Each structure stands twice: as C-alpha cells, then as structure tokens.
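Student: Just to be clear, the model below is a prediction. Sequence and coordinates:
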Amino acid sequence: MLRIILLVIMNNYRYDRGFEKLKEIDGETGERVIERLKDISPDFAKYIIEFPFGDLYSRTGLDLKSREIATVAALVTMGNAMSQLKVHITQYLLRLSSIANLSKYLSRNVVG
C-alpha cells in the first residue's frame with residue numbers, strides 16, 4: 001500500500017513539475033496543445049507533461065537555451081516533425097534568442 005501511495009505522489013510531482021516547465025517553455029500555446037490532446041487521448045497528454053517536460057526538460061546540467069537548440073537541431077534532422085519544429089523555433093525566438101543566433105548555430109552544427 002505504501003508503495004502505491006509513493007508512486008501516486010511521485011507521478012503527481014512529475015506532472016506538476018512538467019506542467020510548470022511546459023508553461024515556462026511554451027506558455028499558453030503549450031497549454032492549449034495539452035488541452036486539445038486531453039480530449040483525444042488523456043493518457044498521452046499526461047505522458048507528454050510527465051516525461052519530456054517533467055523528466056527531461058527539468059534535468060539539471062543544460063540551460064533552457066541549450067536544450068531548445070538541441071531540440072530544434074534534432075527536429076530539423078528528423079525532417080518529418082514540422083509542427084513540433086515550428087513550436088520550438090517560435091518559443092526559442094520569443095524567449096531565448098534571435099533568428100540570427102539560431103541560424104548560425106544550425107548552419108555550423110547541423111548542416112555542416
């Protein structure tokens with residue numbers, strides 16, 4: 001029973017931490033995406049909050065700007081994630097840096 005209680009507390013912590021990180025990175029846009037996903041697949045919406053935002057983006061070691069650059073670079077190389085790429089580039093430009101800096105980084109590190 002104690003194990004179940006601890007799992008519930010941990011999952012709530014991951015969700016809360018993830019939702020705060022989502023708001024920090026994507027603002028209202030991210031919140032709207034999650035709300036739309038909840039209608040289609042509540043479990044998937046919860047997973048997106050808990051894993052990428054609650055676990056990965058919340059790790060220490062890299063600042064948000066470095067994480068976003070890595071995310072944009074990965075999405076560019078995938079070549080099939082245009083909607084995610086649009087969201088991450090938009091948030092990078094709104095909150096972190098300029099198109100010139102992003103372009104310079106991508107041309108040096110992804111293309112060549």
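Tutor: Good, I have the coordinates.
Student: any idea how the chain splits into domains?
Tutor: Using automatic domain parsing, the domain parsing of the chain gives 1-59, 63-112.
Student: weakest of those domains in terms of mean pLDDT?
Tutor: When the domains of the chain are ranked by mean pLDDT, domain 63-112 comes last with a mean of 78.
Student: Quick check: chain neighbours aside, which residue is closest to the residue most central in space within the chain?
Tutor: The residue lying closest to the centre of the chain (CA atoms, centre = their mean) is F53, at 5.3 Å. Excluding its sequence neighbours, the residue lying closest to F53 (CB to CB, 6 or more residues apart in numbering) is G18, at 3.7 Å. Glycine gets a C-beta too; all of them are placed from N, C-alpha and C.
Student: same thing with L94?
Tutor: Closest residue to L94 apart from its sequence neighbours, by CB to CB, 6+ apart: G27 at 7.8 Å.
Student: Would you mind listing the buried residues in the longest helix along the chain?
Tutor: When the chain is parsed with DSSP state H, its longest helix is helix 2-40. Residues of helix 2-40 classed as buried: 14-15, 17-19, 21-22, 25-26, 30, 33-34, 37 (neighbour count, 16 or more other CB atoms under 10 Å).
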